[in-house]
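> A predicted structure for the sequence below; I have some questions about it.
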Amino acid sequence: MNADERMHKNIIKMNDNKLIAEFMGKEISPKTLSKNAWIPYDISWDWLMPVINKIRSMDSTYEVEEVGKYDWDNEISHYEFDLELTYESVIKFIKEYNNEE
């Protein structure tokens, strides 16, 4: 992976982490972003688990067009040892949730 690809991937992760932070009710200021502050939802179960708990408390099902209907509890159980896949599932859920609001 070259430098441009790494930078692009980091920007996507930063935007996804910002999306999660906003979903969790945290305000991310431009000053925080300009300091390249990293919100570690993508690398820490300690940060990601409260998000999963919030999602579980809201609604256990969600619709993803490409793959049909999923039960959140079952999806998480498939990914319980894979942080990256769980993180991607959280991002999918939040994007779908934001589109429905």
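Okay, I see it.
> Does residue 17 lie in a helix or a strand, and which?
Assigned by DSSP states H and E, residue 17 belongs to helix 3-23.
> pLDDT of that helix, averaged?
Mean per-residue pLDDT for helix 3-23: 89.
> Only the buried residues of it, if you could.
Using 16 or more other C-beta atoms under 10 Å as the test for burial, helix 3-23 gives 13, 14, 16, 17, 18, 19, 20, 21, 23. Where you see a C-beta, it was placed from the backbone N, CA and C, and this is true even at glycine.
> contact partners of it?
Around helix 3-23, the neighbours that count as contacts under C-beta atoms under 8 Å, 6 or more residues apart in numbering are 1, 28, 33, 38-42, 51, 54, 87, 90-91, 94-95, 97-98.
> Please narrow the residues you listed to those residing in helices.
Within the contacts of helix 3-23, residues falling in helices by DSSP state H are 33, 51, 54, 87, 90, 91, 94, 95, 97, 98.
> Please list all residues in contact with the second one.
Residue 51 makes contact with 20, 23, 24, 41, 90 under the criterion C-beta under 8 Å, 6+ apart.
> hmm, 7 Å instead?
By C-beta atoms under 7 Å, 6 or more residues apart in numbering, residue 51 lies in contact with 20, 24, 41, 90.
> Tabulate the residues you listed (TSV), appending distance to residue 9.
Below are the contacts of residue 51 laid out as TSV (distance: C-beta to C-beta, whole Å):
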residue	distance to residue 9
20	17
24	23
41	15
90	17
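> May I ask which two of those residues are separated the most?
Pairwise distances across these (C-beta to C-beta) peak at 10.5 Å, for the pair 24 and 90.
> Which one of these two is surrounded by more residues?
residue 90 (24 against 14; other C-beta atoms under 10 Å).
> Relative to residue 19, how far out is the more buried one?
From residue 90 across to residue 19, the span is 9 Å (C-beta to C-beta, to the nearest Å).
> cool, residue 98 as well?
Here the criterion is C-beta to C-beta. By it, residue 98 lies 8 Å from residue 19.
> ok, now residue 56?
Residue 56 is 18 Å from residue 19, by C-beta to C-beta.
> returning to what we had before: considering the contacts of residue 51, which is situated nearest to residue 82?
Of all the contacts of residue 51, residue 82 sits closest to residue 90, with 12.3 Å by C-beta to C-beta.
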